[in-house]
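[1] Sharing a model that was predicted from the sequence below.
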Amino acid sequence: MIYYRPIPGHDAARPDAALTLAGGWLWFDRVEVLERGRAPRLIAAADLPEDARARLTAPRAALAGLAMDRPRLMGILNVTPDSFSDGGLFLAPEAALRQGREMAGTGAEIIDVGGESTRPGAAEVPVAEEISRTAPVIAALRAGGIETAISIDTRKAAVAEAALAAGATLVNDVSAFGFDPALKAVTAASGAPVCLMHAQGTPQTMQADPRYDDVLLDVYDFLDARVTEAEAAGIPRDRIMVDPGIGFGKTLDHNLTLIRGLGLFHGLGCPILLGVSRKKFIGTIGAEQDAARRAPGSIAVALAGVAQGAQVLRVHDVWETRQALALWRSVTTGDRP
């Protein structure tokens, strides 16, 4: 198989032959050609095969009511006692509602509600408990007038069904339908968009010496297969977002390779979600053990993802990331929010 990774640019001095990347804010005039067992090589964008060119350049459809022509912020709302960064802070319904309202008011365009931690070593949460943590919070946000898109971060069909009934508009599955196959049918029947993420193993096992033949190509192949399966189940590609799963069964070097090569995933023809906020590799490189103090490093990596064309950033620090993103757009593309 041949893979095509666009080399993105954002300078105002755009070459005449450059193509627009995914209908967004970046352009490319060169492409890295990757094949297993062969050295990478560069070609001109004009020399791309027609099908690859179409996938890389086609504007992405709106997702959960949001146009994908500029970066969007997904705020993390963990209603759990044991998430790695903010476990317990928003477990109480009142605290979750306050946090959801604050994120919506400071720039979150999607609120991602999760009732089961998937940090390394986390235990599985029973379905009924996960529903009781998430559905009432979603319903209360809607009852309080919050119109922001809401995603349900779950691997389980029954949890997603309850969340969608309560007012969620997007399904975010870190197992890409691998944990509960019934979630595929629930998502298809609902008409909701879905984010499919790559993970190697389960939260209990994923950081036990993860290995890949080629992490960039292996993750691409996994997501390509899962997108195809979702389409076969009745979920069209224009309702699918993909996430390479930074930190989910990856070493520090695996994470860095995926972030550097993030543009490859535009070849799937789907919006890309990048979730790096406060993760361990940021603390390792940035010499910060306290996850709550990793906002600067998280923002640095998020902006690197935007420079690769990531359409959605999943973040804890919404206001700080919004401010950084506004400045990045203003000084690079000239697009002032």
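    It's in.
[2] drop to CA atoms for contacts and neighbour counts, all remaining ones
    OK.
[3] Domain ranges for the protein, per the record?
    Split into domains by automatic domain parsing, the chain comes to 1-59, 60-332.
[4] From one end of the shortest one to the other, what's the distance?
    Taking Cα to Cα, to the nearest Å as the measure, domain 1-59 stretches 24 Å from start to finish.
[5] Repeat that for stretch 16-24.
    With Cα to Cα applied, stretch 16-24 spans 17 Å between its terminal residues.
[6] what about that stretch, distance to the chain center?
    The chain centre lies 22 Å from the centre of stretch 16-24; the measure is Cα atoms, centre = their mean, to the nearest Å.
[7] buried stuff in the helix or strand bottoming out on mean pLDDT in the chain?
    Sorted by mean pLDDT, DSSP states H and E, the helices and strands of the chain end with helix 93-106, the least confident at a mean of 87. Judged by neighbour count (16 or more other Cα atoms under 10 Å), helix 93-106 contains these buried residues: 96-97, 99-101, 103-104.
[8] Now distance to residue 32 too, for these, in TSV please.
    Supplementary listing: these in TSV, determined by distance: Cα to Cα, whole Å:
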residue	distance to residue 32
96	44
97	46
99	42
100	41
101	43
103	38
104	39
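[9] any idea how far the least confident helix or strand of the chain is from the chain center?
    For helix 93-106, the separation from the chain centroid amounts to 21 Å (computed by Cα atoms, centre = their mean).
[10] what packs against it?
    Counting contacts by 3 or more Cα pairs under 8 Å, 6 or more residues apart in numbering; DSSP states H and E, helix 93-106 is packed against strand 72-78, strand 110-114, helix 127-143, helix 318-332.
[11] now the strands for this structure?
    2-9, 19-20, 27-35, 38-44, 72-78, 110-114, 149-153, 170-173, 194-197, 240-243, 273-275, 312-315 (DSSP state E).
[12] so which of the ones you listed gets nearest residue 322?
    In terms of Cα to Cα, the element of the strands of the chain nearest to residue 322 is strand 72-78, at 7.5 Å.
[13] Distance of residue 316 relative to residue 28?
    31 Å.
[14] Neighbour count for these two, which is higher?
    residue 316 (25 against 22; other Cα atoms under 10 Å).
[15] Contact partners for the spatially closest residue to that one that is not a sequence neighbour?
    Once flanking residues are discounted, residue 316 sits nearest to residue 76: 5.3 Å by Cα to Cα, 6 or more residues apart in numbering. Contacts for residue 76 (Cα atoms under 8 Å, 6 or more residues apart in numbering) come out as 111-114, 314-316.
[16] 6 Å instead?
    Contacts were defined as Cα atoms under 6 Å, 6 or more residues apart in numbering; by that measure residue 76 touches 112, 315-316.
[17] mind putting those in CSV, distance to residue 15 and pLDDT included?
    Listed next are those as CSV, based on distance: Cα to Cα, whole Å; pLDDT from 0 to 100:
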residue, distance to residue 15, pLDDT
112, 38, 96
315, 33, 97
316, 37, 95
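[18] Turn the residues you listed into TSV, including distance to residue 34.
    Output for those, formatted as TSV (distance: Cα to Cα, whole Å):
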residue	distance to residue 34
112	34
315	31
316	34
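[19] Out of those residues, which comes closest to residue 53?
    Within the set of these, residue 315 lies nearest residue 53; the separation is 30.8 Å, counting by Cα to Cα.
[20] Run through the bridge partners of the residue most central in space within the chain.
    Relative to the mean C-alpha position of the chain, the nearest C-alpha, by Cα atoms, centre = their mean, is the one of residue 273, at 2.3 Å. Using DSSP bridges, the bridge partners assigned to residue 273 are residue 312.
[21] Would you agree it is in contact with residue 312?
    Yes: counting by Cα atoms under 6 Å, residue 273 touches residue 312, with 4.6 Å between them.
[22] List the residue ranges of the stretch 101-250 of the chain that fall below the pLDDT cut-off.
    Low-confidence segments of the stretch 101-250 of the chain (pLDDT under 70): 204-206.
[23] if we can go back for a sec, would you mind getting the angle between the least confident helix or strand of the chain and strand 110-114?
    For the pair helix 93-106 and strand 110-114, the angle between their directions (axes from the mean of the first three to the mean of the last three Cα atoms, to 10 degrees) equals 160 degrees.
[24] pull the CA atoms of helix 93-106 into PDB?
    Output in PDB follows, covering the C-alpha atoms of helix 93-106 (Å, rounded to 0.1, in the frame of the first residue of the first chain):
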ATOM      1  CA  PRO A  93     -23.500  17.000  39.500                       C
ATOM      2  CA  GLU A  94     -23.400  20.600  40.600                       C
ATOM      3  CA  ALA A  95     -19.700  20.900  40.000                       C
ATOM      4  CA  ALA A  96     -20.100  19.200  36.600                       C
ATOM      5  CA  LEU A  97     -22.800  21.700  35.600                       C
ATOM      6  CA  ARG A  98     -20.700  24.700  36.700                       C
ATOM      7  CA  GLN A  99     -17.700  23.400  34.700                       C
ATOM      8  CA  GLY A 100     -19.800  22.700  31.600                       C
ATOM      9  CA  ARG A 101     -21.300  26.200  31.700                       C
ATOM     10  CA  GLU A 102     -17.900  27.700  32.200                       C
ATOM     11  CA  MET A 103     -16.400  25.800  29.300                       C
ATOM     12  CA  ALA A 104     -19.200  26.800  27.000                       C
ATOM     13  CA  GLY A 105     -18.800  30.400  28.000                       C
ATOM     14  CA  THR A 106     -15.100  30.500  27.500                       C
END
